[in-house]
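Asker: The following comprises the amino acid sequence and a computationally predicted model.
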2 protein chains.
Amino acid sequence: MQIPAVIEALKPILGDRLSTSEAVREAHGRDESHHPAAPPDAVAFVRSTEEVVAVVKACAEHGVPVIPFGTGTALEGGIGAVKGGVCIDLSGMDRILRVSPEDMDVTVEAGVTRKRLNEELRDTGLFFPIDPGADASIGGMASTRASGTNAVRYGTMRDAVLNLTAVLADGRVIRTGGRARKSAAGYDLTRLFVGSEGTLGVITEVTLRLHGRPEAVSAAVCSFPAVEDAVNCCILSIQSGIPVARVELLDAVQMKACIAYSKLDYDPAPTLFFEFHGTPASVREQAETVQALAAECGGASFRWTENEEDRNALWQARHDALYAALALRPGARAWSTDLCVPISRLADCISETRADVEASSLTATIVGHVGDGNFHVIFLLDPDDSEEFAEAERINARMVSRALEMEGSCTGEHGIGRGKMACLADEMGEGVAVMRSLKAALDPANIMNPGKVLG
Amino acid sequence: MQIPAVIEALKPILGDRLSTSEAVREAHGRDESHHPAAPPDAVAFVRSTEEVVAVVKACAEHGVPVIPFGTGTALEGGIGAVKGGVCIDLSGMDRILRVSPEDMDVTVEAGVTRKRLNEELRDTGLFFPIDPGADASIGGMASTRASGTNAVRYGTMRDAVLNLTAVLADGRVIRTGGRARKSAAGYDLTRLFVGSEGTLGVITEVTLRLHGRPEAVSAAVCSFPAVEDAVNCCILSIQSGIPVARVELLDAVQMKACIAYSKLDYDPAPTLFFEFHGTPASVREQAETVQALAAECGGASFRWTENEEDRNALWQARHDALYAALALRPGARAWSTDLCVPISRLADCISETRADVEASSLTATIVGHVGDGNFHVIFLLDPDDSEEFAEAERINARMVSRALEMEGSCTGEHGIGRGKMACLADEMGEGVAVMRSLKAALDPANIMNPGKVLG
């Protein structure tokens, strides 16, 4: 590896937007996960696709790894420069290139964050629904196939991306499609890059489908005697064809944490948070139907609000779940796991997982995007106690095995990064060999985010 | 190529399910398109994934092409054995392997047709919504990324396939995922195979997402002074967030043909057919909103029906549009083109296309899944007049250029086959080189449906 040669080549192009300072390198060496930091040798703050091409070409010439970076909010260690190399920070590529309200789509540079995008869309009557919690960049969200609370209604980044621009390992630039709503033109390169976590190329621009802002929005909260009851209520709601916009589960431990952290006036019991989108009449119809289903499942104190302020407070509490959990054990580091199973298996999967946690010495909460069968255990670990990490590792491995036995996935939305490479092999079998062939075809020298996804 | 050696190897396995009869070969040499027939050297009527493996391995050993075949209803010549080889007829793989009503999914062998699937699902309250018109096989629909009238609401095969089983060019079998609703586990192999038209492997099993049968269904028909008015009504409906289940355009020529063929009591003017799914209240609300929008766009004689018999008659007339068009010119062969553009450009695209047709000597109708920006010109050509085919070719080429200028796609749903390989290159640019690399990685000897998609 010839880092000095790459730096030499890039200095004239990037000037002081190429940094080798320790602070900058440290800040680009890790995401929000428990995985150890691995700082890159240099960070390139790019401003255009052409600059990305220049960086990639210089790295390719010298066999130096390239690691794309958006906001650093990923959760499986996808960012660290485990084999050294140049980190491409795309946060300066933050232009909104085109909004087409009549086609309900938008093209943005990869560094635009989802909140900023929604601010810019405010006057169009449209919004970008995908909400992973963090204010992630659109490029990062595409790279990890992100989703979150709204996916049950609006889909994931797989569904949201109409096309993207990517810089390949040899510096070629491709655009993966046009703006038609559907296409049967050849292999689906868009979906190949969505979720590839920077291992096939650097995503520099993304065209997204947008949705009309719903005329009416309402939210409801309901607590249940047990997690199983809450999950059953969720399943019945989905099966009844109610187009729920969000349905989030917080288990009793998490709920207790949120009540304390966000000063909520709720019961410390397993709780579902719902949101409904539609016309005023349909929103009411949805909430009433869910209320009846909740009652069948033993739900208590069903509370429903159309007031925007109350709704925002409620969802802010949900979004702050991680911080609330951390407040349960000050100084702890959070490790958020991520599983997705067929919804019929969800209640079993969560209660068996809860039993694993109870049988251990660890503190952990459970939250989930349960409409999709997706949930997270948030372990609260002493950062200096390797035994606690080892215990969390063991429970996580059991969770993954259980999810795969249930025909689920080892990750619903966090991705593989460097944390789940062995799980991917368990899940995909021979499919991993196929992925390796595809990777080798597009990046034969393995310079694109090496040591991730496929190892 | 060593066809006799392959036949020798397969006879003990397949017996008389391996056919070299001329009639069988002819029947497997073409789809429903205008492309010339290219019969395979032999046809293998397989009954299991293992038998597909045996056929592929025998062919791989001897460098013989493999062409998968479902129902032969494709429209861009994807089936013909342009380089000879063995056709794998999957129609005997017609088992429904598992239905999970609680997860709203089903796993079928590739040869199951969509109508048969929906018959089998009748008692579950669920249905498989994708409807390309023909009673195509699920494997064929996955291979061509099929869609059709319901896609505006329920998506295309890209969205419907949860996972699939495929036999690769070297005989390896992969499954591309589990049954979780979403996954961020590695590259999206499912989407890579959906739309690959048999060029990366043979799809043998497919797991599909299902949808709840709507509680209420209503249909509406409305005619307009001009195609532009009809398209504008469609655009307004979509932009208003109405979850239209289907919205189909028939231009005046097509409408006249349908009135004559299906004995309809409608005006021979540009017409939209709508279908709405939901609760009784929401279906009424949707129809009323669309009626108001139609009036704004000059729509006349808005007719609305919740009666199932009337609805079925209406949609049968839409599905018979091709036969109705053919009846305009007995003895003609139909050539159905296929474009998809951003919806804001659809009215321009259709009227400029209509002008091209009017300026030519040809007879043609226009039908479209206009909610997606997707439409077809159906040319009615004298099968013995090569000048007419050349003229249709010229108009089609102009249509594709226009769609690409409008950031659309050369095919919304028919695929590339051997008819649109040059268009694919125009549309994807460097992306075609990437597709070639992927193809070479998985099928280095180019035995999987060679001469299609990438040439």
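Answerer: Alright, I've got the coordinates. Residues are numbered from 1 along each chain as shown, chains lettered A, B, ... in the order given.
Asker: isn't A:A294 right up against A:W304?
Answerer: No. At 10.6 Å, A:A294 and A:W304 do not qualify as touching, with contact defined as C-beta atoms under 8 Å. Where C-beta positions appear, they are placed from N, C-alpha and C, glycine not excepted.
Asker: more crowded one of these two?
Answerer: For A:A294 versus A:W304, neighbours defined as other C-beta atoms under 10 Å in any protein chain shown are more numerous around A:A294 (26 against 18).
Asker: so where's the stretch 101-250 of chain A uncertain?
Answerer: Applying pLDDT under 70 to the stretch 101-250 of chain A picks out no residues at all.
Asker: That one: helices as residue ranges?
Answerer: Secondary structure of the stretch 101-250 of chain A (DSSP state H, counting those that start in this stretch): helices at A:114-120, A:138-144, A:151-154, A:157-160, A:189-193, A:227-239.
Asker: Would you confirm that A:H414 contacts A:T144?
Answerer: Yes. Using C-beta under 8 Å, A:H414 is in contact with A:T144, at 7.1 Å.
Asker: Report the separation between A:A390 and chain B.
Answerer: For A:A390, the distance to chain B equals 24 Å [C-beta to the nearest C-beta, to the nearest Å].
Asker: quick one: pLDDT of that residue?
Answerer: Confidence at A:A390, expressed as pLDDT, is 97.
Asker: which secondary structure element contains it?
Answerer: helix A:386-405 (DSSP states H and E).
Asker: which element is A:V357 on?
Answerer: Per DSSP H and E, A:V357 falls inside helix A:346-359.
Asker: That helix packs against which elements?
Answerer: helix A:227-239, strand A:363-369, strand A:374-381, helix A:386-405 (3 or more C-beta pairs under 8 Å, 6 or more residues apart in numbering or on different chains; DSSP states H and E).
Asker: Just give the nearest non-adjacent residue to A:Q254, would you?
Answerer: A:T365 (3.6 Å; C-beta to C-beta, 6 or more residues apart in numbering or on different chains).
Asker: repeat for A:M406
Answerer: A:R345 (4.1 Å).
Asker: who touches that neighbour in this structure?
Answerer: Contacts for A:R345 (C-beta atoms under 8 Å, 6 or more residues apart in numbering or on different chains) come out as A:G373, A:M406, A:E407, A:G408.
Asker: So for A:H414 and A:T144, which residues contact both of them?
Answerer: Common contacts of A:H414 and A:T144 (C-beta under 8 Å, 6+ apart): A:A74, B:A184.
Asker: Up against chain B, what does the stretch 1-150 of chain A have?
Answerer: On the criterion C-beta under 8 Å from any C-beta of the partner chain, chain B has as its neighbours in the stretch 1-150 of chain A the residues A:S100, A:E102, A:D103, A:M104, A:D105, A:T144, A:R145, A:A146, A:S147.
Asker: how is chain A carved up into domains?
Answerer: Following automatic domain parsing, one gets these domains for chain A: A:3-89, A:96-212, A:216-320, A:323-415.
Asker: Could you give the number of residues near the residue lying closest to A:N374 once chain neighbours are set aside?
Answerer: Counting by C-beta to C-beta, 6+ apart, A:N374 lies nearest to A:G412, which is 3.6 Å off, once chain neighbours are set aside. With neighbours defined by other C-beta under 10 Å, the count for A:G412 comes to 30.
Asker: Might one say that A:G412 is in contact with B:G178?
Answerer: No. A:G412 is beyond contact range of B:G178, at 11.0 Å (criterion: C-beta under 8 Å).
Asker: Can you give me every residue that contacts the spatially most central residue of chain A?
Answerer: By C-alpha atoms, centre = their mean, chain A has its centre lying nearest to A:A146, at 3.5 Å. Residues near A:A146 by C-beta under 8 Å, 6+ apart: A:I130, A:P132, A:A136, A:G140, A:T156, A:M157, A:E413, B:A184.
Asker: same thing but 6 Å
Answerer: Under the criterion of C-beta atoms under 6 Å, 6 or more residues apart in numbering or on different chains, the contact list for A:A146 reads A:P132, A:M157, A:E413.
Asker: Including neighbour count, could those go into a markdown table?
Answerer: As requested, the contacts of A:A146 are exported to a markdown table (neighbours: other C-beta atoms under 10 Å in any protein chain shown):
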| residue | neighbour count |
| --- | --- |
| A:P132 | 24 |
| A:M157 | 27 |
| A:E413 | 28 |
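Asker: Spatially, what comes nearest to A:R17 if we skip its sequence neighbours?
Answerer: Nearest non-adjacent residue to A:R17, counting by C-beta to C-beta, 6+ apart: A:F45, 4.1 Å away.
Asker: Oops, could you answer that again for A:G85 instead?
Answerer: Closest residue to A:G85 apart from its sequence neighbours, by C-beta to C-beta, 6+ apart: A:P65 at 2.9 Å.
Asker: got it, and A:V99?
Answerer: Nearest non-adjacent residue to A:V99, counting by C-beta to C-beta, 6+ apart: A:V106, 4.8 Å away.
Asker: Could you list the buried residues of stretch A:196-211?
Answerer: Buried residues in stretch A:196-211, counted by 16 or more other C-beta atoms under 10 Å in any protein chain shown: A:196-211.
Asker: Quick check: the farthest pair among those residues?
Answerer: Greatest spatial distance among the buried residues of stretch A:196-211 (C-beta to C-beta): A:T199 and A:H211, at 29.8 Å.
Asker: I'd like the helices and strands packed on helix A:346-359 as a markdown table, with mean neighbour count appended.
Answerer: Compiled in a markdown table, the helices and strands packed on helix A:346-359 are given as follows (neighbours: other C-beta under 10 Å):
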| stretch | mean neighbour count |
| --- | --- |
| helix A:227-239 | 23 |
| strand A:363-369 | 25 |
| strand A:374-381 | 25 |
| helix A:386-405 | 17 |
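Asker: got TSV for these, with distance to B:I395 too?
Answerer: Shown next, in TSV, are the helices and strands packed on helix A:346-359 (distance: least, C-beta to C-beta, whole Å):
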stretch	distance to B:I395
helix A:227-239	47
strand A:363-369	49
strand A:374-381	48
helix A:386-405	53
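Asker: Buried ones in the helix or strand following the helix holding A:A390, by neighbour count?
Answerer: Remark: after helix A:386-405, the chain's next helix or strand is helix A:421-428, criterion DSSP H and E. Going by neighbour count (16+ other C-beta under 10 Å), the buried part of helix A:421-428 is A:M421, A:C423, A:L424, A:A425, A:E427, A:M428.
Asker: Next: stretch A:12-23.
Answerer: A:L14, A:R17, A:L18, A:S19.
Asker: How about stretch A:437-444?
Answerer: Within stretch A:437-444, the residues scored as buried using 16+ other C-beta under 10 Å are A:L438, A:K439, A:A441, A:L442, A:D443.
Asker: Of these, which belong to helices?
Answerer: Of the buried residues of stretch A:437-444, the ones assigned to helices by DSSP state H are A:L438, A:K439, A:A441, A:L442.
Asker: Quick check: the gap between the first one and chain B.
Answerer: Remark: distance between A:L438 and chain B (C-beta to the nearest C-beta) = 6 Å.
Asker: Ok, the third one next?
Answerer: Distance, A:A441 to chain B, by C-beta to the nearest C-beta: 4 Å.
Asker: Identify the residues contacting that residue.
Answerer: B:S437, B:L438, B:A441.
Asker: Show me the contact partners of the host helix or strand of A:R318.
Answerer: A:R318 is located in helix A:308-319, with elements delineated by DSSP H and E. Defining contact as C-beta under 6 Å, 6+ apart, one finds that helix A:308-319 is touched by A:G133, A:A219, A:E248, A:C258, A:S262, A:L264, A:F273, A:T305.
Asker: With neighbour count added, can I get the residues you listed in CSV?
Answerer: Putting those into CSV (neighbours: other C-beta under 10 Å) gives the following:
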residue, neighbour count
A:G133, 18
A:A219, 24
A:E248, 25
A:C258, 26
A:S262, 18
A:L264, 17
A:F273, 22
A:T305, 16
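Asker: I'd guessed A:P270 sits against A:D251; true?
Answerer: Yes. Using C-beta atoms under 6 Å, A:P270 is in contact with A:D251, at 5.3 Å.
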